[in-house]
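>>> One predicted model, sequence on top.
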Amino acid sequence: MSVSYWLGVDTGGTFTDFVLLGDGEPRIHKVLSTPSSPERAILQGITELGLSDAMASGQLAIVHGTTVATNAALEGKGARTLLITNEGLEDILRIGRQNRPELYNLTPPSNASAVSLLPALGCPARLDAAGHPVTPLTDAHIAT
């Protein structure tokens, strides 16, 4: 069976928002979030949108995002976090996009952001374009 409906879901701290694409115009829906059990608000929205049968039959594709994690990071709340990335790319989030004021400045001024204070650890493991290991991830890398 093919997908008939696409449902975008954004779980926020106050509201859970839905955008439904399928037959006709896009539909927007909103329910109160249930922070202690976020799936309850999602299932409530699916029911209120009349999509329970489509979900059960595999005709509903759900794309989910959350602003809860984003807000927690921006507000400095939540668990201590470490960025693990490829060796040599530890500063990629600090550098940001290529639209910085001085593109060729190798020591650009620091921008205050949520990742500015985030510790980063580079791992020497690498994959090629097809996803095959070039430099395999080892237990020693993980133990670091």
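Yep, that arrived. None of the values given here were measured: they were computed from a predicted structure.

>>> how about the nearest residue to the most centrally placed residue in the chain, chain neighbours excluded?
For the chain, residue 65 is the residue whose C-alpha lies nearest the centre (Cα atoms, centre = their mean; 6.1 Å). In space, and not counting its chain neighbours, residue 65 is closest to residue 10: 5.1 Å by Cβ to Cβ, 6 or more residues apart in numbering. All C-beta spots, glycine's among them, are computed from the backbone N, C-alpha and C.

>>> From the contact counts, what lies against the helix or strand harbouring that neighbour?
Following DSSP states H and E, the helix or strand that holds residue 10 is strand 5-11. With contacts defined as 3 or more Cβ pairs under 8 Å, 6 or more residues apart in numbering; DSSP states H and E, strand 5-11 has these neighbours: strand 15-21, helix 38-48, strand 60-66, helix 67-74.

>>> Go through it and flag the buried ones.
Within strand 5-11, the residues scored as buried using 16 or more other Cβ atoms under 10 Å are 5, 7, 8, 9, 10, 11.

>>> and which of the residues you listed is nearest residue 41?
residue 11 (6.9 Å; Cβ to Cβ).

>>> Quick check: the closest one vs residue 63, distance?
Plainly put, residue 11 is 12 Å away from residue 63 if you go by Cβ to Cβ, to the nearest Å.

>>> For the helices and strands packed on strand 5-11, give me CSV that also has distance to residue 128 and mean pLDDT.
Output for the helices and strands packed on strand 5-11, formatted as CSV (distance: least, Cβ to Cβ, whole Å; pLDDT from 0 to 100):
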stretch, distance to residue 128, mean pLDDT
strand 15-21, 35, 96
helix 38-48, 37, 96
strand 60-66, 28, 93
helix 67-74, 30, 76
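
>>> per-residue pLDDT, the residue nearest to residue 65?
If you check residue 10, the pLDDT there is 95.

>>> same deal with residue 115?
61.

>>> Quick check: next helix or strand after the least confident helix or strand in the chain by mean pLDDT?
When the helices and strands of the chain are scored by mean pLDDT, DSSP states H and E, helix 92-95 comes last with a mean of 72. Remark: after helix 92-95, the chain's next helix or strand is strand 120-123, criterion DSSP H and E.
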